[in-house]
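Undergrad: Provided below for reference: sequence and predicted model.
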Amino acid sequence: MPRIDVCLAAAVWLAGVCTVIGQAQSGAEWVIVTAFAAACSAPLLWRSVAPLRVVAVIGAVGLTGQLLPTSSLLDGPFLLAFALAIGTAGSSADGRRPVLVVTAAILPSLIVGAWQAEDVGGSVLTVGWLALAFTIGRAIGLRRSYLAVRAANLRLERAREIERELAAERLAIARDLHDVIAQSVETVSMQATIGAHLFDSDPDAARDALLRIRSASTSTSRSIREMLGVMRASDQASDRLAGLEDLADLVSAARSEACAASFAISGEPRVVDSSIGPALYRVVQEALTNVRRHARASLVTVELAWQPAEIAVTVADDGVGASDDLAEGYGLRGMRERLALIGGRLEIDTAAQRGFRVRASVPTEAVP
């Protein structure tokens with residue numbers, strides 16, 4: 001049985017005996033009071049296990065005490081034990097059953113006591129005292145139930161939040177795979193076409209195209225290994241996700257005979273949150289893929305700007321551009337969602353025959 005129940009039972013017994021100090025006159029009366037207090041407090045040892053049964057037992061003990069010659073000395077021990085039992089029953093049981101049990105336990109003792117003493121006022125006071133004990137216990141029980149339900153709801157909400165985070169992570173990984181593979185396939189296809197066209201007339205240019213194919217394949221293989229390492233959550237993974245320091249290589253791989261590419265950095269580089277670099281890298285990667293697929297451009301420029309409150313990358317080409325409706329279909333939704341996850345934003349500037357400009361920015365003032 002719980003240690004607290006043992007301590008409470010002992011305390012109630014001692015307090016009950018103390019209530020008759022100065023009232024018990026003989027040794028026999030002290031024996032009766034001591035035994036009666038023990039009979040009232042002993043059931044409290046099981047108050048946590050069977051609270052309603054404890055109420056019934058103590059009520060029966062109290063009814064028996066009303067029939068003893070020394071009944072006037074027994075009210076204190078009885079009411080202390082009975083009030084604690086009733087409060088416990090109120091806090092640990094739901095529905096109407098505890099009310100019925102408590103009422104059934106109280107009434108006989110009250111009726112007998114009022115009949116013997118002809119003290120209706122005292123009986124009413126006793127009812128009020130026991131009702132207060134039950135109400136306090138009930139309030140404690142309701143509070144405990146509320147906290148339990150709230151804790152369960154918080155655990156459920158946390159589980160749902162974790163599931164949403166996992167879903168978002170799976171979606172991000174899917175987008176990363178799409179970005180990596182689509183860009184690589186596009187590069188390999190374009191360079192293979194150039195190499196085949198120049199194989200006889202310009203062997204050096206064809207060789208450069210093959211080297212670009214090898215570089216794109218190696219880069220793609222590395223990126224896929226990086227993402228697989230993240231999915232396995234491997235602490236031994238030595239590769240890292242591509243970030244801002246890899247933009248120069250990305251732009252260099254995008255150069256071709258038909259489209260020149262340049263890369264520039266402005267501002268003072270600094271340490272930023274680890275999520276910013278890969279996100280901006282993927283945006284630039286997708287933008288360069290769109291240039292190769294749709295722009296028919298002769299020049300594409302990429303600028304990385306370190307500003308006081310944000311970091312931004314801009315990809316601009318001199319191609320055919322697009323209307324606003326068509327522009328939204330060029331993988332820009334995925335870019336916006338990727339940036340939104342880290343508090344960034346995407347700006348588009350395009351028009352037919354006026355080129356295409358993509359600017360991605362992420363605030364950095366909160367990043368140490």
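TA: Yep, that arrived. Numbers count the residues shown, from 1 in each chain.
Undergrad: Surely residue 334 is within a helix?
TA: Yes. Under DSSP: H, G, I helix; E, B strand; the rest coil, residue 334 sits within a helix.
Undergrad: Check what pLDDT the residue nearest to it when sequence neighbours are not counted gets.
TA: Closest residue to residue 334 apart from its sequence neighbours, by Cβ to Cβ, 6 or more residues apart in numbering: residue 175 at 5.2 Å. Where you see a C-beta, it was placed from the backbone N, CA and C, and this is true even at glycine. In this prediction, residue 175 carries a pLDDT score of 70.
Undergrad: tell me which element residue 175 is part of?
TA: helix 120-198 (DSSP states H and E).
Undergrad: and that helix, what other elements does it pack with?
TA: helix 75-92, helix 97-117, helix 203-232, helix 276-290, helix 332-340 (3 or more Cβ pairs under 8 Å, 6 or more residues apart in numbering; DSSP states H and E).
Undergrad: what comes up buried for the helix or strand just after the third one?
TA: Following the chain from helix 203-232 toward its C-terminal end, the next helix or strand by DSSP H and E is helix 247-254. Residues 247, 250, 251, 253, 254 are the ones in helix 247-254 that count as buried (16 or more other Cβ atoms under 10 Å).
Undergrad: Also stretch 212-223?
TA: In stretch 212-223, counting by 16+ other Cβ under 10 Å, buried: 212, 213, 216, 219, 220, 223.
Undergrad: Could you do stretch 199-216 as well?
TA: Buried-residue list, stretch 199-216, by 16+ other Cβ under 10 Å: 206, 208, 209, 212, 213, 216.
Undergrad: pLDDT (mean, whole number) over that stretch?
TA: Across stretch 199-216, the per-residue pLDDT values average to 83.
Undergrad: Please compute how far that stretch lies from its chain's middle.
TA: Remark: stretch 199-216 is offset 53 Å from the chain centroid, using Cα atoms, centre = their mean, to the nearest Å.
Undergrad: Residue 175 is in contact with residue 341, isn't it?
TA: No. Residue 175 is beyond contact range of residue 341, at 10.6 Å (criterion: Cβ atoms under 8 Å).
Undergrad: which residues are common contacts for the two?
TA: The contact sets of residue 175 and residue 341 do not overlap (Cβ atoms under 8 Å, 6 or more residues apart in numbering).
Undergrad: Give the residue from the two that has the larger number of neighbours.
TA: residue 175 (17 against 13; other Cβ atoms under 10 Å).
Undergrad: list the contacts for that one?
TA: 282, 334, 338.
Undergrad: same thing with residue 76?
TA: Residue 76 neighbours (Cβ under 8 Å, 6+ apart): 16, 19, 20.
Undergrad: Please, a ChimeraX command that selects the buried ones among those?
TA: In ChimeraX syntax, the buried subset of those is picked out as below (16+ other Cβ under 10 Å):
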select :16,19,20
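Undergrad: Please name the residues that touch residue 347.
TA: 358, 359, 360, 361.
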